[in-house]
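Visitor: got a structure for you, letters missing:
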């Protein structure tokens, strides 16, 4: 098993060296799995989808899949989820910077007699998004190399494109288990990424719903984890900031009860003045950017 793992890692590392090399490896895997014994159909598919294959986002998707697969294959008892936190965060930053948190590009209706507008190079086509939604276990490269049994089943999200699920399962869970002080910063990353995602959506309703519901829920989650990792004073401060920032939210009674519980059960000193500014994500200075 270890030999198979080592050989697979070596081949994938080489293929993941560039988007172009990753694409060729992905196409080779497709030819040897989905189109096995159907090579002409594979050639016909490639010819039909030339524009898709050439698009930067499609090639980026194949490289990202391989990068995430490498993280999976390099997981071990010694190199567990906690040890991989920084590597995973680097991968998630690539997902964000390459626009995979945004909705796939939808061209505007063309004028009569004109062709549809092609997808800009800095946007993501739907086919690339579909590649990223695949689970690693069903990924052509995994099937081709026969390495499904080498994939981790603990503290590891099974799809390379699920940014927030990866952040939760591969990063926040192991940090919380260790009561790692980096955890609040990961919450801040999640909040800013979710905010950017909602603001980039063409659906204005998504942005409205996030600002009124999703954002307060995330901020409360951060406050809860502050208590869990042994920072009750900061949790109280941020809870009070959350209450002031969203006084009409239906969860305010829960937030108030949580604040009271923390103050009484942990002998937490309440802030000297409820009107004082808080230098935290939950303060009344929390800004929600508009589109």
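Guide: Nice, I can see it. The shown structure was predicted, so the numbers you read here are calculated from the model rather than taken from an experiment. Numbers count the residues shown, from 1 in each chain.

Visitor: Tell me the pLDDT of residue 285.
Guide: Residue 285 carries a pLDDT value of 38.

Visitor: how close does the closest residue to residue 149 other than its chain neighbours get to residue 143?
Guide: Distance criterion C-beta to C-beta, 6 or more residues apart in numbering; nearest residue to residue 149, sequence neighbours excluded, is residue 1 at 7.8 Å. Bear in mind the C-beta positions are built from the backbone N, C-alpha and C, glycine included. Distance, residue 1 to residue 143, by C-beta to C-beta, to the nearest Å: 17 Å.

Visitor: Of the two, which one has the most company?
Guide: residue 143 (17 against 8; other C-beta atoms under 10 Å).

Visitor: I'd say that one and residue 29 touch.
Guide: Yes - counting by C-beta atoms under 8 Å, residue 143 touches residue 29, with 7.3 Å between them.

Visitor: Spit out the residues that contact the two alike.
Guide: Shared contacts of residue 143 and residue 29 (C-beta atoms under 8 Å, 6 or more residues apart in numbering): none.

Visitor: Just give me the residue closest to the centre of this protein.
Guide: Among the residues of the chain, the one closest to the centroid is residue 163, at 1.1 Å (C-alpha atoms, centre = their mean).

Visitor: Can you get me a residue count around residue 201?
Guide: Count around residue 201 with other C-beta under 10 Å applied: 15.

Visitor: What of residue 184?
Guide: There are 21 residues near residue 184, going by other C-beta under 10 Å.

Visitor: Assign it to helix, strand or coil.
Guide: Following DSSP: H, G, I helix; E, B strand; the rest coil, the label given to residue 184 is helix.

Visitor: wait, what's in contact with it?
Guide: Counting by C-beta under 8 Å, 6+ apart, the residues that residue 184 touches are 222, 225, 226, 229, 231, 234.

Visitor: Looking at those, which are in helices?
Guide: Of the contacts of residue 184, the ones assigned to helices by DSSP state H are 222, 225, 226, 234.

Visitor: Out of those, which is nearest to residue 69?
Guide: The closest of these to residue 69 turns out to be residue 225 (C-beta to C-beta; 29.4 Å).
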